[in-house]
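Novice: Sharing a sequence plus its predicted fold:
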Amino acid sequence: MKKNSLINYLDKGDSYDEFYGDSLTVRKHAQKALNYLSPLSLEDLQDINLATVSAIQSMGITFRVYQDESNANVNRTWPLDFIPRLIKKEEWKLVEKGLIQRVKALNLFIEDCYNKKKFLNEFNIDESLVLNTSAYKAYCKNIKLKHGVWSHICGSDLIKGEEGDFYVLEDNLRVPSGVSYMLENRMVMKRVLPDLFNKYGVNPVDDYPSKLYETLASVSFSKSKHPEIVLLTPGIYNSAYFEHSYLAQQMGIDLVEGSDLEVGKDSYVYKKTIEGLKRVDVIYRRIDDDFLDPDVGNPNSTIGVRGLLKSWSQKKVAIINAPGCGIADDKAVYAYVPKMIDFYLKEKPILKNIKTYFMNNKEHREFVEKNIHSMVIKPVAESGGYGIVIGKDLKAKEVGPVFRKIRNNPRNFVAQPYISLSTSPTFSDGKIEPRHLDLRPFILSGSKNYVTVGGLTRVALKKGSSIVNSSQGGGSKDTWIID
Amino acid sequence: MLSRDAEHLYWLARYIERAENTGRLINVNVEMMLDYPIDDSLGWEPILEAMDSKEDYLSGHKHYDEANVIHYLSRERNNENSIASCLHNASYNSEFIKDDLPRSAMEELNNIEMNFLKEMTTSVSKRKRAKNIYEVISSSQRFFGIISDNFSRGYAFEFLRLGRFVERADMITRIIDSICNAEKKEGTIDLSTLEWVNLLKTLSAHQAFRKVSRGEIEKESVINFLFKDDSFPRSIYRCLTIIHKSFLNLPKNKDALLFIQKFLANLSRSRIGKYENTKIHSFVDSTQKKISSIDQIIQKSYFNN
């Protein structure tokens, strides 16, 4: 077949590419997609791209970006690359199992930390690893939750390393976002590339809202068959408001703000409706722990509900995810996940963890300092890619200051070997070129467990870049789990 | 339904209806001025007065010249009742509830705001200005058309309908008032026929009026029609009947139903067509107060828990 000059894969680099293997042999599962793309002219590709953008605009899929200078924020059109990311079903089945196993262990760990601390004692781990973090909430002590679940909705970030195996990069256990974009990406792709769709048996993703609803309903303390569930949002100026509104609508539940709720004298939570006050059984909250209740967290919070946490600790309302569940998504705790799986479940971990070095351990630190050029240094309590130092990008004179900062507060940093993210063909600047990507599946835990079929694939649109965050110029792809 | 959602729906409808009616008022007045050989100030002052905006306008302007008044009424963002402000407020309220409304209705709303705000200068030609305002009117009608065609009947629908007809009833009284104010100022010259025809046109009521009243168009029959006709949806009586209907489908409606029944009875009994202008003015005033009482009943019953 004639090679299309628009597919520019000559400088593929050392990363694992999900369409092309060594010496540019096409991977079997990617053949049909490439057969479809290869004969297309630049005009064709631009047409598809334009159709994608206009479908997204007319469906009103946006995300909000905070702008520093004007202090205003704007809605931007959601960026989607029309070339799907392909993952074989048999590969995905294993990932799915691995994720469920992992989240089970993490939930057991959280409840254990707030109760007997068996894990920390067993391995002689300094309690401060958990207790001295801002994520630890003393008011959760001795609390046990229904099904033992604290993080009912977890978004784990997966990457594919140089050999093509999935690694877990981090687990977002607090208020992970992005799932609505996974669902909307699929809607757009069905409109834009129906013919390519037909060539693959693409597994559907759209049962997520009903699974989420089931999960929320399954943790209600009320005996009612149809518990009253609400989604609590910080409001329209929040960057994820689109998602809050979308999910509430998809599940047919009320989207409430803090001011729509109040805690009654009986300590139950009520929402203000046109018929009067109505009791609420389950709150799917999309605001951070410290803003939930001005009586307990930040006293200036205007987006929370006074008395909410008291109501929660008396089991009069279920809050999802549970307050205090953030103790387990600290990057230092991450290192212990394989041990947790072994300890709580007596199983071998299915998914790979990235080897993690503690900077408060002298031996570890010296090893990292010696091998800094193949390392990544991460602050333990940050998320969203902030504060990360990539060793190979450091100039010689920058190394000293970095380690001075680390030695000043070694508990705040961990290091991991640098792993180059896998790539997949992406339409960019009129060509199809390799771009780095990651994957965020969502794991639901309640009376049952569920993993999204695939997840949200985020892609760095700049050549060579590994920054996939949409706020920093990243894009997305529809993730196809194929038979 | 959440109180806050109900409130957003109510105000969304009010602001769209207000933008539409302000647009009608401007366009018809512009037309009337062309037939009307007097200076600008006499033509535009009564409108500002009827909109309760005279003072606010005078704090920034010295004369009632057409270009400035129209700019003030249509595009001035410091005027909280200008068309631009109404559209802005409508779209703000829609942000909270957009996923509850039909997508096509939301698209219509986005279009009104985008198209209207594109040309924000004072120096737009008269022809363009009229077209621009006409667009707002027809977009508003399309918006409500989509709602009545594609939206399930339920609480959300009723709050949109309440907002729309409370606002409309209020605007009708203001439009009538502007004519009475003009007459009061004019005094000597008899302009009645022209003015009453224009009044009907502002409310798209000319055709409907002709169906029920033949012969000369004069004050008594027009005023009676706009206040008391029970079938034309731009008469106050009809607006109140529709509001009454909406309340029947809502909970906690006792106070509201009672109040509106009295209001309707009072309207039927009145002999407003025969009143002098000053008396019409005070009747309009008390009608406005009653409409605002309906608004307060809505707030109290549904929004403030």
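Specialist: Sure thing, it's come through.

Novice: okay, now B:Ile179: neighbour count?
Specialist: 25 (other CB atoms under 10 Å in any protein chain shown). C-beta coordinates here come from the backbone N, C-alpha and C atoms, glycine included.

Novice: Check which residues of the helix or strand where it lies are buried.
Specialist: Taking DSSP states H and E as the criterion, B:Ile179 maps to helix B:155-186. Neighbour-count burial for helix B:155-186, counted by 16 or more other CB atoms under 10 Å in any protein chain shown, picks out B:155-183.

Novice: What of stretch A:90-100?
Specialist: Buried, per 16+ other CB under 10 Å, within stretch A:90-100: A:92, A:95-96, A:98-100.

Novice: Now do it, average pLDDT.
Specialist: Averaging pLDDT along stretch A:90-100 yields 97.

Novice: can you dump the C-alpha coordinates of it into PDB?
Specialist: Output in PDB follows, covering the C-alpha atoms of stretch A:90-100 (Å, rounded to 0.1, in the frame of the first residue of the first chain):
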ATOM      1  CA  GLU A  90      -8.000  -8.800  26.800                       C
ATOM      2  CA  GLU A  91      -5.400  -6.300  27.900                       C
ATOM      3  CA  TRP A  92      -8.100  -4.100  29.500                       C
ATOM      4  CA  LYS A  93      -9.800  -6.900  31.400                       C
ATOM      5  CA  LEU A  94      -6.600  -7.400  33.400                       C
ATOM      6  CA  VAL A  95      -6.200  -3.700  34.000                       C
ATOM      7  CA  GLU A  96      -9.800  -3.600  35.200                       C
ATOM      8  CA  LYS A  97      -9.100  -6.400  37.800                       C
ATOM      9  CA  GLY A  98      -5.900  -4.700  38.800                       C
ATOM     10  CA  LEU A  99      -7.700  -1.400  39.400                       C
ATOM     11  CA  ILE A 100     -10.500  -3.000  41.500                       C
END
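
Novice: what's in contact with that stretch?
Specialist: A:156, A:158, A:166, A:349-351, A:441, A:443, A:449, A:451, A:453-454, A:481 (CB atoms under 8 Å, 6 or more residues apart in numbering or on different chains).

Novice: Which of the helices or strands spans the residue positioned nearest the centre of chain A?
Specialist: Centroid-nearest residue in chain A, with CA atoms, centre = their mean: A:Gly155, separated by 3.4 Å. Element membership of A:Gly155 [criterion: DSSP H and E] is strand A:153-160.

Novice: Counting by contacts, list what that strand packs against.
Specialist: helix A:89-114, strand A:166-172, strand A:431-440, strand A:442-445 (3 or more CB pairs under 8 Å, 6 or more residues apart in numbering or on different chains; DSSP states H and E).

Novice: Can you check what pLDDT the model gives the residue nearest to the centre of chain A?
Specialist: 96.

Novice: Name the residues of the stretch 151-300 of chain B found near chain A, please.
Specialist: Applying CB under 8 Å from any CB of the partner chain, one finds that the stretch 151-300 of chain B approaches chain A through B:155, B:250-252.

Novice: Produce a PyMOL select command limited to the buried residues of the residues you listed.
Specialist: Per 16+ other CB under 10 Å, the buried members of these correspond to this PyMOL selection:
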select buried, chain B and resi 155+250
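
Novice: out of the residues of the stretch 151-300 of chain B next to chain A, which are inside helices?
Specialist: Residues of these located in helices (DSSP state H): B:Tyr155.
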